[in-house]
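Q: Below are the sequence and a predicted model for it; my questions follow.
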Amino acid sequence: MGIRLHFWGAARTVTGSSHHLECAGRQILLDCGLFQGRRQEAYEINTHLALKPEELASQNGTALSAVVLSHAHIDHSGNLPGLVKQGYRGPIYTTPTTIDLCNPMLKDSAHIQEGDADFMNRRRWGRRQIGAPPGVEPFAPLYTQEDAEQVLQQMRPVHLHEPTILAGSTRDEGFSVSLTNAGHMLGSACVLVEAKEKGEKTRLLFSGDVGRKNLPIIKDPDEAPSADYLIMESTYGNRLHQPPGPVKQKLSRLIKRVTARGGRVIVPAFAVERTQQLVMLLHELTEEKQIPDLPIFVDSPLASKITEVFREHTDDWDEEISGYFKKGIDPFGWERLRYTQTVQESKALNDLHVPFIVMAASGMCEAGRILHHLKNGIEDPRNLILITGYQAANTLGRKLVDRLPEVNIFGEPMRLRAEVDSIGELSGHADQSELLEWMAPAVKGLKKVFLVHGEPLAQQALMEEIHRRYGLEVVCPARGDRFEIS
Ligand SMILES: [Zn+2]
């Protein structure tokens, strides 16, 4: 009776979100995220799914019958093409905005997977060898563009607050879900699962990633609905953020300082959400004449595509940005802003000898065009490298934040002489007090809380605080742990 819960990803870590649920003979997955980490380990983990291929493709009624996706970030959506590659052909339910964001994001991820497989093969049999030597089986990419395309075919839109009975279930047996706004990124949702078996009902709330109030562009998170059990993220379970409000003043101050000394501002930025937030804030600062009149570039083809999705989904915008729309102003475009597309346009920025701002991915400086801008600008003390998001251990971004005197870019040692500063105010993840506040309306009915999507230290701190403040039982499951709840 009740739900059998199987934790498969984002268990005591912040990557690879995936939870398997079973009730009344039906099986569903919440999220199917990509595990990101060292190449070989990530490949191993990502090819082992919670269900075996024969269970994914089985037609005998015991197979996986539905997937529900909380939001488009790759650590939640990025292994859906792997699931499809291994045989899953059922529906993937998520918000209409998330479907549109997954289109460019999953194709980009497939492109990276193809490149990674190529890299591993070349490393094994040497750069000069064309094709695999006799008797060597080449590594296949985790998935390809075609698999990403297939995922998009299987996606089914679910609007917020509209209860939906999942495929394979009925009104009286199995699963239905209702989505609420998570306020974490455009299109993000929390998932309230209702599981029914023999007339008994169990409600499980999955937070996905919980956002924050007053973030630019997106609406504030909805209150947590009541539930019997909660699976909650804990990324910043031991941290308190700066409020997002004063970020504009800080940006203005930094940009003025760098412009006055003739430098450029190099901004590693995630292509989704962070780039659009920064573009909107820079637009406001330009209009209000709080920054000098200087050229601004978004040098990321993926970010350009994502910005188009943002423009189309005005229904997800908060009041502030809707105000622009009503006045006929494009918040993501004005005459000083350029979206560069070609590699030539990107390279031409190196020869620009006036102050400018350039935003490029990847957000943690691991790949992408940002590396070229860093290579060209890192040794000039007039420049500023502006970090705008979380930097994981061992990434180039973290080394810049830690101000190592020398870093490697494209295998070449470079001296870090540019200024480095960070703005953490735009973080899309609730901090400890915001998580506690978000879950508060649901506390009365909760029997137990499962913490996921957090490093052990963050989880420990949040677990103690939930227990102390609300007197609830809290568990931090490990990968593969199973629970029965009713
Ligand atoms: Zn996320």
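A: Okay, I see it. Numbers count the residues shown, from 1 in each chain.
Q: Could you tell me which residues of the stretch 51-200 of the chain lie near the ion?
A: H73 (Cβ under 5 Å from the ion). Yep, even glycine has a C-beta here, placed from its N, CA and C like the rest.
Q: same thing but at 6 Å, please
A: 71, 73, 76, 184 (Cβ under 6 Å from the ion).
Q: any idea which of these is the one closest to the ion?
A: H73 (3.6 Å; Cβ to the ion).
Q: so what's the backbone phi/psi at the closest one?
A: phi -50, psi 140 (degrees, to the nearest 10).
Q: For it, the count of nearby residues, please.
A: Using other Cβ atoms under 10 Å, H73 has 24 neighbouring residues.
Q: and the residues of the stretch 51-200 of the chain next to the ion, which two are the farthest apart?
A: Greatest spacing in those, by Cβ to Cβ: H76 and H184 (10.0 Å).
Q: and for those two, which residues touch both?
A: 208-209 (Cβ atoms under 8 Å, 6 or more residues apart in numbering).
Q: Now the stretch 351-486 of the chain against the ion: closest residue?
A: G428 (6.6 Å).
Q: tell me, what residue is most central in this structure?
A: H73 (2.8 Å; Cα atoms, centre = their mean).
Q: D209 is in contact with that one, correct?
A: Yes: in this structure, H73 is within contact of D209 by Cβ atoms under 8 Å, at 7.0 Å.
Q: Any chance you could list what contacts the worst-scoring helix or strand of the chain on mean pLDDT?
A: Least confident helix or strand of the chain, by mean pLDDT, DSSP states H and E, is helix 53-57 with a mean of 76. Outside of helix 53-57, the residues within contact range by Cβ under 8 Å, 6+ apart are 27, 49, 62-64, 83, 86-89.
Q: which one of the residues of the stretch 51-200 of the chain next to the ion sits closest to A271?
A: For those, the nearest to A271 is H73 (11.1 Å; Cβ to Cβ).
Q: List the residues that contact the closest one.
A: 33, 185, 209, 272.
Q: which outside residues touch the one helix or strand L278 maps to?
A: Per DSSP states H and E: L278 is located in helix 274-287. Residues outside helix 274-287 that contact it (Cβ under 8 Å, 6+ apart): 186, 215-217, 247-248, 251-252, 255, 267, 269, 291, 293, 296, 298, 300, 303, 306-307, 310, 321, 331-332, 334, 336-337, 357, 359, 361, 363, 388-389, 426.
Q: is it fair to say the residue of the stretch 351-486 of the chain closest to the ion lies in a strand?
A: No: counting by DSSP: H, G, I helix; E, B strand; the rest coil, G428 is located in no strand; its state is coil.
Q: dump the residue contacts of it.
A: G428 touches 184-185, 209, 211-212, 215, 273, counting by Cβ under 8 Å, 6+ apart.
Q: Looking at the residues you listed, which is nearest E233?
A: D209 (5.3 Å).
Q: Tell me how many other residues surround the closest one.
A: 27.
Q: List the residues that contact it.
A: Each residue near D209 by Cβ under 8 Å, 6+ apart is listed here: 70-71, 73, 76, 182, 184-185, 188, 233, 235, 428-429, 453.
Q: and those, which of them are in strands?
A: E233 (DSSP state E).
Q: could I get the contacts of D209 as CSV with pLDDT?
A: Putting the contacts of D209 into CSV (pLDDT from 0 to 100) gives the following:
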residue, pLDDT
S70, 98
H71, 98
H73, 94
H76, 96
A182, 98
H184, 97
M185, 96
S188, 98
E233, 97
T235, 92
G428, 91
H429, 93
H453, 94
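Q: so which of the contacts of D209 comes closest to R398?
A: Among the contacts of D209, T235 lies closest to R398 (Cβ to Cβ), at 15.8 Å.
Q: now the residue nearest to the closest one when sequence neighbours are not counted: how far from A11?
A: Leaving aside its chain neighbours, T235 sits nearest to H429 (4.6 Å; criterion: Cβ to Cβ, 6 or more residues apart in numbering). Here H429 is placed at a distance of 18 Å from A11 (Cβ to Cβ, to the nearest Å).
Q: and if you look at L34?
A: Taking Cβ to Cβ, one finds L34 at 15 Å from A11.
Q: Which one's more surrounded, the two?
A: L34 (29 against 22).
Q: Please, which helix or strand holds that one?
A: Going by DSSP H and E, L34 is not in any helix or strand.
Q: what's the closest of the contacts of helix 53-57 to the ion?
A: When the contacts of helix 53-57 are compared against the ion (criterion: Cβ to the ion), the nearest one is L83, at 18.5 Å.
Q: Can you check the pLDDT for the closest one?
A: pLDDT recorded at L83 is 95.
Q: what helix or strand is it on?
A: Going by DSSP H and E, L83 is part of helix 80-85.
Q: Can you tell me what sits against the very next helix or strand once past that helix?
A: With elements assigned by DSSP H and E, the helix or strand that comes after helix 80-85 is strand 92-94. Contact with strand 92-94 is made by 66-71, 80, 102, 151, 154-158, 164, 166, 177, 187, 189, as judged by Cβ under 8 Å, 6+ apart.
Q: Which ones among those residues lie within helices?
A: Residues of the contacts of strand 92-94 located in helices (DSSP state H): 80, 102, 151, 154.
Q: Out of those residues, which is nearest to the ion?
A: C102 (12.9 Å).
Q: residues touching the nearest residue to the closest one once chain neighbours are set aside, list them.
A: Spatial nearest neighbour of C102, excluding adjacent residues (Cβ to Cβ, 6+ apart): A72 at 5.2 Å. Neighbouring residues of A72 by Cβ under 8 Å, 6+ apart: 98, 101-102, 105, 185, 187-188, 272.
Q: With E379 instead?
A: Contacts of E379 by Cβ under 8 Å, 6+ apart are 414-418.
Q: Among these, which one has the most neighbours?
A: A418 leads the contacts of E379 on contacts (other Cβ under 10 Å) with 21 neighbours.
Q: From K375, how far out is that residue?
A: Taking Cβ to Cβ, one finds A418 at 11 Å from K375.
Q: for the residue nearest to C102, phi and psi?
A: Torsion angles at A72 (phi, psi; degrees, to the nearest 10) stand at phi -80, psi -10.
Q: cool, A360 as well?
A: phi -150, psi 160.
Q: who touches it in this structure?
A: Here A360 is in contact with 267-269, 298-300, 303, 368-370, 373 (Cβ under 8 Å, 6+ apart).
Q: And it, how far from G262?
A: 21 Å.
Q: how about T47, what does it touch?
A: 82, 142.
Q: Begin at 6, not 1, for the rest of this chat.
A: With the count now opening at 6, the last piece we talked about shows up as T52.
Q: For Q118, see how far away it is.
A: Taking Cβ to Cβ, one finds T52 at 11 Å from Q118.
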